[in-house]
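Enquirer: next come a sequence and a model predicted from it.
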Amino acid sequence: MSIRVHIDGRICLPEDAKVSVFDRGFLYGDSVYETIATVHGRLFAAGEHLDRLERSAQRLGLRLPPRAEIEGAIAQTITAAGNAESRVRVVVTRGAGLFDLDPASADDPRLVIIVQPRGGPTPEMYANGVSVEIVSVTRNLPGAIDPAVKSGNYLNNVLALGEARRRSGAYEAILCAANGSVAEGSSSNVFALIAGQLRTPALQVGILAGVTRDKVLRLARGLSIPCDEVAFLGPDELRGADEIFLTSAVRGILPVTTVNGAQVGHGKPGPITRRLTDAYRALAHETT
Ligand code: PDD
């Protein structure tokens, strides 16, 4: 079980991995990132994650190193860390610059890759489900820091998770958009089974287009599970759902059995959640 960091072109131990205090990632959260997991020791959906990294960078006008360089650095760092399963964080900052907000004042992007053991939820969490808390912190407006961009500026999400943990020790925070619709978790997308239909907030609500979310939607359609990306999902609808689950690269599909202290459905992961979990695991098994 080890952690290795690829920084400024070399691989080092965590204690030697340092960035300049003038790096704009440190000063302003002026960076983009992705978290990719391995399954059976191989990267799962790396192409989709690196595509999203490119889209995020494009939106911020941030120049990325060539894709082959990023892919090579990821592979080398995974090998150097030598874990059975890895969590890979790919970060590209706009680099160091003078104290000048103007993004044009820095044009030497810094690539950092952190590889650590995959970790993630325990078998008990998958078996029993986790708790979430719908918090008062609002998801960023798409016209401000667009949630579709996976930038290093995560303070909004940090505050949301802090509120959930303080209030009830909940595992994940659920943020609503400014119009009151449920949006997503602090680091996950959310699905709910309501009146026999699987619903998840549509991208227009102002969320991250999760790679796992997209795969789950395709799986649900393939399994003829009625599903819809909805323009509005009320917090009361979520609270009354028969099943709820979260999705993200490291977690896959994680059942939710408590919302704001109230039990979801029968208090156990439901049949649709279990069916999709099996299908998702099979997909990951096949494609890695
Ligand atoms: N987060 N929504 C937000 C706000 C996220 O940060 C993430 C992922 C997701 C799920 O996206 P995906 O299925 O592509 O992993 C949704 C990762 C885990 C992170 O912050 O490290």
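Expert: Cool, the structure landed.
Enquirer: which other residues reach stretch 271-288?
Expert: 38-45, 126, 193, 198, 212, 215-216, 219-220, 222-223, 225, 243, 245, 252-253, 255, 269 (CB atoms under 8 Å, 6 or more residues apart in numbering). (Glycine included, C-beta is placed from N, CA and C.)
Enquirer: again, but for stretch 210-219
Expert: For stretch 210-219, using CB under 8 Å, 6+ apart, the contacting residues are 45, 48-49, 52, 184, 188-189, 191, 200, 227, 229, 247-249, 251-253, 276, 279-280, 283.
Enquirer: buried ones among these?
Expert: 45, 48-49, 52, 184, 188-189, 191, 200, 227, 247-249, 251-253, 276, 279-280, 283 (16 or more other CB atoms under 10 Å).
Enquirer: before we move on, back to that, among the contacts of stretch 271-288, the buried ones, what's the ChimeraX command?
Expert: Here is the ChimeraX selection string for the buried members of the contacts of stretch 271-288, based on 16+ other CB under 10 Å:
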select :38,39,43,44,45,126,193,198,212,215,216,219,220,225,243,245,252,253,255,269
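Enquirer: nearest residue to residue 221 other than its sequence neighbours?
Expert: Residue nearest to residue 221 in three dimensions, not counting chain neighbours: residue 227, with 6.5 Å by CB to CB, 6 or more residues apart in numbering.
Enquirer: that neighbour reaches residue 194, doesn't it?
Expert: No - with contact taken as CB atoms under 8 Å, residue 227 and residue 194 are classed as non-touching, separated by 10.8 Å.
Enquirer: near the ligand, which residues of the stretch 151-288 of the chain? Just list them.
Expert: Residues of the stretch 151-288 of the chain found near the ligand (CB under 6 Å from any ligand atom) are 157, 184, 187-189, 208, 210-213, 247-250.
Enquirer: would you format those residues as CSV with distance to residue 83, secondary structure and pLDDT included?
Expert: Converted to CSV, these look like this (distance: CB to CB, whole Å; DSSP: H, G, I helix; E, B strand; the rest coil; pLDDT from 0 to 100):
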residue, distance to residue 83, secondary structure, pLDDT
157, 26, helix, 98
184, 28, strand, 98
187, 21, coil, 98
188, 22, coil, 98
189, 26, strand, 99
208, 26, coil, 98
210, 24, coil, 98
211, 21, helix, 98
212, 21, helix, 98
213, 26, helix, 98
247, 23, strand, 98
248, 19, strand, 98
249, 16, coil, 98
250, 13, coil, 97
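Enquirer: mind listing the strands for the stretch 101-250 of the chain?
Expert: Ranges of strands in the stretch 101-250 of the chain, per DSSP state E, counting those that start in this stretch, are 110-117, 130-138, 172-176, 182-185, 189-194, 197-201, 227-230, 243-248.
Enquirer: tell me the buried residues in stretch 230-242?
Expert: In stretch 230-242, the ones that count as buried by 16+ other CB under 10 Å are 230, 233, 237, 238, 241, 242.
Enquirer: where does the closest residue to residue 86 other than its chain neighbours land in three-state SS?
Expert: Distances taken as CB to CB, 6+ apart put residue 38 closest to residue 86, at 4.6 Å, once the chain neighbours are dropped. Of the three states, residue 38 takes strand according to DSSP: H, G, I helix; E, B strand; the rest coil.
Enquirer: and residue 38, how close does it get to residue 180?
Expert: 38 Å (CB to CB, to the nearest Å).
Enquirer: show me the domain layout of the chain.
Expert: Taking automatic domain parsing as the criterion, the chain consists of the domains 4-117, 123-286.
Enquirer: please see if the first one touches the ligand.
Expert: Yes - for a cut-off given as CB under 6 Å from any ligand atom, domain 4-117 has contacts with the ligand, namely residue 35.
Enquirer: end to end, how far does that domain reach?
Expert: End-to-end distance of domain 4-117 (CA to CA, to the nearest Å): 10 Å.
Enquirer: please name the nearest non-neighbouring residue to residue 1.
Expert: Spatial nearest neighbour of residue 1, excluding adjacent residues (CB to CB, 6+ apart): residue 117 at 4.8 Å.
Enquirer: any idea how many residues pack against the one you found?
Expert: If you count neighbours by other CB atoms under 10 Å, residue 117 ends up with 14.
Enquirer: just residue 81 next, same as before
Expert: Count around residue 81 with other CB under 10 Å applied: 22.
Enquirer: same check, this time on the one 4 residues further on
Expert: Summarising burial for residue 85: neighbours were counted as other CB under 10 Å, giving 15.
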